[in-house]
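Trainee: starting from these lines, generate the structure:
(2 chains)
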Amino acid sequence: MSTGDIALAVRGLSKAYSISAGKRQTTTLAETLVNRLRHPFHRARRETFWALDDVSFEVCRGEVVGIIGRNGAGKSTLLKILSRITDPTRGEVDLHGRVGSLLEVGTGFHAELTGRENIYLNGAILGMKRAEIGRRFDEIVEFAGVEQFLNTPVKHYSSGMYVRLAFAVAAHLEPEILLVDEVLAVGDLQFQEKCLGRIRDVAGAGRTVLFVSHNLQTVSLLCNKGLVLRGGRVVFSGDSHGAVDAYLRDLEATRLAGDENSDARPGSGEYRFVSAEPCKALFHGGDEKGVVFRVQRRRAGLSRFYLSGLLVDANGHTLGQFDSRLHGLTLPEAESFEGRLAFRTPWLKPGTYRVDLYICSLGSSPIVDKWENACTVYVSPLTPYAFPVPADAIALGTVLTDFRWEVETVGQLQGIAAGTEMDRRRE
Amino acid sequence: MAPETAEVQSPPPPPTTDGQPAEGPPAESAAPQRKPWLVIRPRSGWAALDLRELWRFRDLLLTLALRDIKLRYRQTVLGVAWVVLQPLLGAAIFAFVFGLVAKLPSEGIPYFVFAYAGLTAWTAFQTTFTKASTCLVQNANLVTKVYFPRLVLPLSTAFGAVIDFVCGLAMLVPMLAAFHVAPGWPVLLLPVWLALLLLLALGAGLVAAALSAQYRDVQYILPVVLQLAMYASPLAYALKVVPEKWQTLYSLNPLVGLLEAVRWSLLGSAAPPVAAVAYGATVAAGTFVGGAMIFRRAERRFADVL
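Mentor: Residues are numbered from 1 along each chain as shown, chains lettered A, B, ... in the order given. Now for the predicted structure:
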């Protein structure tokens, strides 16, 4: 990549937030003044939290870069700095082109204004000139599919229409560099496809796109480059498949680290999980899936607590939450516990899933132990269905379902049940 | 952790889309390096007002102003009528309390008209100041998610005030006719006084806005401050009514000269002392520039604290 083709270059970018340790940070002028008077020479003990730490990378014109990382890794902060919403603490960014950012859908939309007015308002807020919006007005309306409702106040729109309209305006931004922050998490599948298509078009037109997402599948399909952040630092910078691999390896490494050093995990730590294993090496999607675990007390002082867990698929979607309060189960103080988390539903699609385990207290500091990626659950390719399964028949759902079709033709003597009997009889 | 360099925003020539190197000597490498369209760096110290950037966002400025005006009319039951009713009711109350009960003199003009003329100007000042000081907190969702020169927000509040002022004036015309009061040539200076009042309101509002972003209790102090300012200004009474020995101290209020000047333009009453008007004008301009600079210095933290 020659230097003439760089779209943006980031060098040593760092962003620090100061958190006052100890006393609550004052947010009223009155308190601040009183504090000043009472302790004129007291400097609050400030802890610095580095949301970004010495980030450097380069993006060439026309690249679509996926930025992935755990929550709190600094992805949104990075986009905010690149969008000039907040200043960096250190470092520099060279921008070779106009930046348009989409950090939120429908920024500035006001419920009392009509669809038409909101298009102009939102467009202006995103940086488009009035004339530009006018030129694209029909395209925007068509993309959103709200032609009949242009003159009704947006408060009467369904949430789907609202999101479609909001994205339609943003989709017609044509900056040289486009920054997108997980805005595709909203909307139905069809809409998400449309949005992805639009981003692909923008990228195809030679524009540069930086795309923050948790959805690894989207990142590997859409992006040709990837950037992995962890704790504010760049862990990997290269092609998108490499980035996804690096991210998954990183998750795995965290799990192993979590196994070895449970005290390094988040949580107040009175109790810690010391082990978590799936009951079987391979589960069938419709079986009862189980995870055996052990908990040990590290410190006294916590009287009652409950357990919780999350089931997360390979794409980062949380499929289930196993909160023991839903069964009225809370645990008393004891030296150690062991037990099993078992669940039959949802039926899982073949693949890998991770289980996060939590110990939570009923008191003021809720999280006692948080173990992300405590264990991995493998689900076999044999689905619970009685018939051979074409790939596209289960591709679109996040989980498998226990369903049936009941169909009757009108006017015939016999009813048809569930489809299976009928087919056999025909042949 | 203290950032070193001040931000240098390269004045943006239209970005070179054809890939040709724009200008600039070759750097360390052999290939010629393109000068970046924009460099983002940590900022420290005072920042320039950057009028060029504001001009680039003039569409947004107008759109926001229009939004506020539209919303105001759509959400009130009385709609446009409220704009006119407010000063009318205010003047009526003043006329009763100060004109009838307290019997304050009003320089030979019917007290109601006297009060009303002052109130239209005062309302323009008051609403601009209030709206400007709360605009950041109210539009926090914009500030934290989109880039635009933050000055656009408070500046957009001034437009509504101008429209209100014009509507208020429209009501004044029949009143003047009814009471046979005819303003002379000074009426041409009215836009100047309005502009100065708005500069003063915006300047103070910018400082209040910057403070409000950081400290949420500031918004609650402001109405009190405004009340005090109202009674300390020649609104219900003329400057002449103030006892001689207090007049100098009293005239430290920049609104004194400006409000008297407004009444001089509208009602043809006695001309205000030139010194007071000049003082008011200077303070207004100074407050605006100073307020804008303070705002610009504080704005880099807005997205972090809102």
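
Trainee: which residues of the chain score low on pLDDT?
Mentor: This is for chain A. A:1-4, A:20-27, A:41-45, A:183-188, A:255-260, A:412-427 (pLDDT under 70).

Trainee: um, chain B though
Mentor: B:1-33, B:76-80.

Trainee: at the geometric centre of it, which residue do we find?
Mentor: Central residue check for chain B by C-alpha atoms, centre = their mean: the C-alpha nearest the mean position is that of B:Leu202, 2.9 Å away.

Trainee: so that residue is in which element?
Mentor: Assigned by DSSP states H and E, B:Leu202 belongs to helix B:190-214.

Trainee: so is that helix next to chain A?
Mentor: Yes. Using C-beta under 8 Å from any C-beta of the partner chain, we find that helix B:190-214 touches chain A at B:Leu211, B:Gln214. C-beta: built from backbone N, CA, C; applies to glycine.

Trainee: contacting residues around A:Leu319?
Mentor: A:Leu311, A:Val312, A:Asp313, A:Pro346, A:Leu348, A:Tyr353, A:Thr398, A:Val399 (C-beta atoms under 8 Å, 6 or more residues apart in numbering or on different chains).

Trainee: could you count how many residues lie near the nearest residue to it once chain neighbours are set aside?
Mentor: Nearest residue to A:Leu319, sequence neighbours excluded (C-beta to C-beta, 6 or more residues apart in numbering or on different chains): A:Leu311, at 4.7 Å. Burial of A:Leu311 is recorded as 22 neighbouring residues (other C-beta atoms under 10 Å in any protein chain shown).

Trainee: isn't A:Leu311 up against A:Thr345?
Mentor: No. Using C-beta atoms under 8 Å, A:Leu311 makes no contact with A:Thr345, being 10.6 Å away.

Trainee: so which residues on the stretch 101-250 of chain B come close to chain A?
Mentor: With the criterion set to C-beta under 8 Å from any C-beta, the stretch 101-250 of chain B comes near chain A through B:141-148, B:211, B:214-218, B:221.

Trainee: buried ones in the helix holding B:Leu202?
Mentor: Buried positions in helix B:190-214, judged by neighbour count with 16 or more other C-beta atoms under 10 Å in any protein chain shown: B:190, B:193-194, B:196-214.

Trainee: tell me what the longest helix seen in chain A is packed against?
Mentor: Once chain A is assigned using DSSP state H, the helix that runs over the most residues is helix A:240-260. Contact here means 3 or more C-beta pairs under 8 Å, 6 or more residues apart in numbering or on different chains; DSSP states H and E; on that basis helix A:240-260 packs against strand A:64-69, helix A:216-222, strand A:225-230, strand A:233-239, strand A:367-379.

Trainee: what sits up against the second one?
Mentor: Contact partners of helix A:216-222, identified using C-beta under 8 Å, 6+ apart, comprise A:64, A:66, A:68, A:184, A:196, A:199-200, A:203, A:211, A:213, A:226, A:240-241, A:243-244, A:247-248, A:314-316.

Trainee: selecting buried members of these in PyMOL, what would you type?
Mentor: Buried members of the contacts of helix A:216-222 can be picked out in PyMOL with the line below, counting by 16+ other C-beta under 10 Å:
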select buried, chain A and resi 64+66+68+184+199+203+211+213+226+240+243+244+247
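
Trainee: quick one: contacts for the nearest residue to A:Pro346 once chain neighbours are set aside?
Mentor: Ranked by C-beta to C-beta, 6+ apart and with sequence neighbours excluded, the top spatial neighbour of A:Pro346 is A:Val399, at 3.9 Å. Neighbour list for A:Val399: A:Leu319, A:Pro346, A:Trp347, A:Leu348, A:Lys349 [criterion: C-beta under 8 Å, 6+ apart].
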